[in-house]
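**Student:** From the sequence below, what's the structure:
(chains A, B, C and D)
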There are 2 protein chains.
Amino acid sequence: MRSLPSADRQWRQYVHVSEQTEAVPEPMPDAPVPLARRATLRDVARRAGVSTAAASKVLRGAYGVSPAMRERVQEAMTALAYRPNVSARGMRGKTFTVGVLVSDIQNQFYDQVLSGVAPVFAGADYAVLIGQAEPSVESEIAMVEAMIDHRMDGLVLMTPTMPKAELERFASVLPVVVVARGGAAVGFDTVATDDGIGSALIVDHLVGLGHRSIAHLTVDSPDDDPTLPFRARARGYEAAMRRHGLEDRIDVVRTSWTNDGGTAAARLLLERETLPTAIHAGADVAALGLLSVLWDVGIDVPGDISVAGYDNSPIGMLAPVSLTSVDQGAGELGTRAAQLLLERIGGRTEPRSVLLKPTLVTRRTTAAPRIRSASPVD
Amino acid sequence: MRSLPSADRQWRQYVHVSEQTEAVPEPMPDAPVPLARRATLRDVARRAGVSTAAASKVLRGAYGVSPAMRERVQEAMTALAYRPNVSARGMRGKTFTVGVLVSDIQNQFYDQVLSGVAPVFAGADYAVLIGQAEPSVESEIAMVEAMIDHRMDGLVLMTPTMPKAELERFASVLPVVVVARGGAAVGFDTVATDDGIGSALIVDHLVGLGHRSIAHLTVDSPDDDPTLPFRARARGYEAAMRRHGLEDRIDVVRTSWTNDGGTAAARLLLERETLPTAIHAGADVAALGLLSVLWDVGIDVPGDISVAGYDNSPIGMLAPVSLTSVDQGAGELGTRAAQLLLERIGGRTEPRSVLLKPTLVTRRTTAAPRIRSASPVD
DNA sequence: GTCCTCGCGTATAACGTTCTACGAGATCGT
DNA sequence: ACGATCTCGTAGAACGTTATACGCGAGGAC
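**Tutor:** Prediction:
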């Protein structure tokens, strides 16, 4: 019932289908030649000499088909290069299509999650269509609504800022899996890495190098749902700082996790009398924005200041950037999310939350502080 | 008929719709509560006290609607949070959806084109869905077929390698615009920059700096359609070299325009006795792969070797990378492509080709060669 | 007052699937 | 030999739109 043996699904390219078995009135003798018409199930059935219902059964791998009939129908399907009409399918049930919402397609982290998502659905004969939103909650909601309008069978949402209530609302309409956002939910699944651990890894690393004055960049948002990734990372940062007895050094800068947010934060920091000796930027994109300002102003990284990102994106791996970061295993996040969505589409309703462990990748933007921070303590 | 005044389209979120005006048999008294059902046109019509045909007319902005009726129907639509079912629409005509095929979503150039595409369609009340393919022609074809299966109204294709015959085949089924690929086509439109000029800009720049031994990275493909971007850039490179009297210095390395292709090319070059003094890498992704190897091996850029990319992607702008590149105006390419597609959807059939001029962005990966190349000539 | 046109509204047949009924044979236990 | 039970196949009604083909009343022209 679920997914068919691949031999059952041999439709490929389309061809012109001429009504050969019956004398059907031609549309118009010399009207402009109509675009290639795709074969329908009726065409297939006619050619195989069976009813459309029978052809449909073969298509779906449903019960009640003799091997002989199956054979004939499949032959007709390949001969006519039959491909099911998704709109028609959508009218009665499934579209075999899932949507992936990407809040910011420029953020390579999402691309990497995607590369984990796609193969799973390809293997299950689902089409994957990606919806890109502008970075605003309204735009994201509009995109999800559009996907629901398309009667998609399920949704993978990568949106760090969407309010939980909205997510629950979507989840009441169709299967939903949310990526990169922890915490138990009632109507949908989540796949994420433990942001608390991630922040701790960074702070421990920096403290281990001798830093004490460590700032953190977070997202400036009114929503204080603790499952939001930026909230979780901020809490993890604070907890780690406290654990090291640095609670009076907690230093959170509110900005946004984008390139611009990073440059803005850099300018904010540069206005201060003394810089922190290290920065936990919260996200690679922000770290890169921050770094580009620091580099332009001639501040030495990591000599004057250490910078750590989050997400371990490909840019950070480039030799001249060489950004210390936290790897979330984006590909695996995507794979797990896709699997959970398939399960949900298959009928599971109880919520599931996967929480993976992030790992630290140390590179050359972090090092021991050149001069110990001129702090009263120490 | 085309796009409605925005006041006509006020559907927003969906709500539960209870069959209030008629006594309809409940599905099952104590069955598991059904998921929120979206309001249909029939629901809207019932509530407004008109026929579905009338409601449809209002929805489409069709002729034959009195102001009073329009008012009542629109009221019902907002009250029920009506949203048209795309599948149903697809059964009879338009889906108000266009597809964008991206061959490699990791390539930021495409992301930037996308950011030019999206606003145009948003303004025309079209949904944009993105299809991502693996970097193989088969995978791209499969994706396009899937989009046709979804009865999309038109396609923007960003695929540097798809054979022209396939493109024509797609174009015979639905409106198609191809981005980043020049040359006149018969069934579809193209939007591109002049790759010949782009290559010339790079070669002129390098020669102007004093380089004579300039290698070029191209794509290793059997298809020699001159409209393929890598072919056009290679020809432009060769022409420019000839123009400078450097025809015996023409040095083309066949690889692929990906990060891995860049690293492979680097290794190939490093096996030689003498390196060229400059490389026209053909694409930023390839240039970055190349650079990462050069940096790792300790080769000084631009001291030992100059490197120029192509596409002017955001990574290249980062201070420590600072990659000289050719800007194609990705955003404008996207905008123009979207406009052309709307025209085609609107009925235009004669092909149109837009060819824009690229510009050179010089940064720090190119400079005068430290030592003049030890060539017999010169 | 007819005959026409025009403006406004409704009835209804598609579109291509899915899937529930149901029917016709074949097989089987007794 | 005769219901009962399988197996294989078909009829036909949805699903939610669109768009064509009408119907009906109100003016206008004569």
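**Student:** Which segments of chain A make up each domain?
**Tutor:** Using automatic domain parsing, the domain parsing of chain A gives A:6-84, A:94-193+A:329-357, A:195-324.
**Student:** Spit out the contact partners of the nearest residue to residue A:151 once chain neighbours are set aside.
**Tutor:** In this structure, residue A:151 finds its nearest non-sequential neighbour in residue A:90, 3.9 Å apart by CB to CB, 6 or more residues apart in numbering or on different chains. From N, CA and C alone the C-beta is placed, and that goes for glycine too. Contacts were defined as CB atoms under 8 Å, 6 or more residues apart in numbering or on different chains; by that measure residue A:90 touches A:150, A:151, B:85, B:86, B:87, B:88, B:90.
**Student:** how much space between the third one and residue A:64?
**Tutor:** Residue B:85 sits 30 Å away from residue A:64 when distances are taken as CB to CB, to the nearest Å.
**Student:** Look at the two and report which has more neighbours.
**Tutor:** residue B:85 (19 against 8; other CB atoms under 10 Å in any protein chain shown).
**Student:** With just CA atoms, put the helix or strand encompassing residue A:157 into PDB.
**Tutor:** Using DSSP states H and E, residue A:157 sits within strand A:154-158. Included here for strand A:154-158 are C-alpha records, laid out as PDB according to Å, rounded to 0.1, in the frame of the first residue of the first chain:
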ATOM      1  CA  GLY A 154       3.500  16.900   4.700                       C
ATOM      2  CA  LEU A 155       5.900  19.700   5.600                       C
ATOM      3  CA  VAL A 156       9.400  20.100   6.800                       C
ATOM      4  CA  LEU A 157       9.800  23.500   8.400                       C
ATOM      5  CA  MET A 158      13.100  25.200   8.900                       C
END
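**Student:** rewinding a little: and the domains of chain A, which one's lowest on average pLDDT?
**Tutor:** In terms of average pLDDT, domain A:6-84 trails the rest of the domains of chain A, at a mean of 73.
**Student:** and residue A:138, how far is that from chain B?
**Tutor:** Computed as CB to the nearest CB, to the nearest Å, the residue A:138 to chain B distance reads 10 Å.
**Student:** I'd like the distance between that residue and residue A:100.
**Tutor:** 19 Å.
**Student:** can you narrow the contacts of residue A:90 to ones near DNA strand D?
**Tutor:** B:85, B:88 (CB under 7 Å from any atom of the strand).
**Student:** Sort out for me which of the contacts of residue A:90 are in helices.
**Tutor:** Using DSSP state H, the subset of the contacts of residue A:90 located in helices is B:86, B:87, B:88, B:90.
**Student:** Is it possible to get those out as JSON lines so that each row also shows pLDDT?
**Tutor:** JSON lines is the format used below for the ones in helices among the contacts of residue A:90 (pLDDT from 0 to 100):
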{"residue": "B:86", "pLDDT": "98"}
{"residue": "B:87", "pLDDT": "97"}
{"residue": "B:88", "pLDDT": "97"}
{"residue": "B:90", "pLDDT": "96"}
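**Student:** Pick the one among those residues closest to DNA strand D.
**Tutor:** Proximity of the ones in helices among the contacts of residue A:90 to DNA strand D (CB to the nearest atom of the strand) peaks at residue B:88, which lies at 3.4 Å.
**Student:** thought that closest one was touching residue A:91?
**Tutor:** Yes - counting by CB atoms under 8 Å, residue B:88 does reach residue A:91; the two are 6.0 Å apart.
**Student:** How about the backbone phi and psi for residue A:325?
**Tutor:** phi -160, psi 170 (degrees, to the nearest 10).
**Student:** residues touching it, list them.
**Tutor:** So residue A:325 contacts A:284, A:287, A:308, A:309, A:310, A:311, A:312, A:313, A:316, A:360, A:361, A:363 (CB under 8 Å, 6+ apart).
**Student:** Roughly how far does it sit from residue A:363?
**Tutor:** 7 Å.
**Student:** Quick check: neighbours shared by these two?
**Tutor:** In contact with both residue A:325 and residue A:363: residue A:316, using CB under 8 Å, 6+ apart.
**Student:** Pull the residues that contact stretch A:355-364.
**Tutor:** Contacts of stretch A:355-364 (CB under 8 Å, 6+ apart): A:182, A:191-195, A:197-198, A:201-202, A:205, A:302, A:312, A:316-317, A:322-329, A:332-333, A:336.
**Student:** Tell me which stretches of the stretch 151-300 of chain A form strands.
**Tutor:** Remark: strands assigned in the stretch 151-300 of chain A by DSSP state E, counting those that start in this stretch are A:154-158, A:176-179, A:189-193, A:214-219, A:251-255, A:278-280.
**Student:** Could you tell me how far the fourth one lies from the centre of the chain?
**Tutor:** Think strand A:214-219. Remark: strand A:214-219 is offset 24 Å from the chain centroid, using CA atoms, centre = their mean, to the nearest Å.
**Student:** Parallel or antiparallel, which strands does it pair with?
**Tutor:** strand A:251-255 (parallel), strand A:278-280 (parallel) (DSSP bridges).
**Student:** And the longest one, what's buried?
**Tutor:** Read that as strand A:251-255. Using 16 or more other CB atoms under 10 Å in any protein chain shown as the test for burial, strand A:251-255 gives A:251, A:253, A:255.
**Student:** May I ask you to confirm that residue A:310 is in contact with residue A:281?
**Tutor:** Yes - between residue A:310 and residue A:281 there is a contact under CB under 8 Å: 6.9 Å.
**Student:** what is in contact with those two at once?
**Tutor:** Counting by CB under 8 Å, 6+ apart, the residues touching both residue A:310 and residue A:281 are residue A:287.
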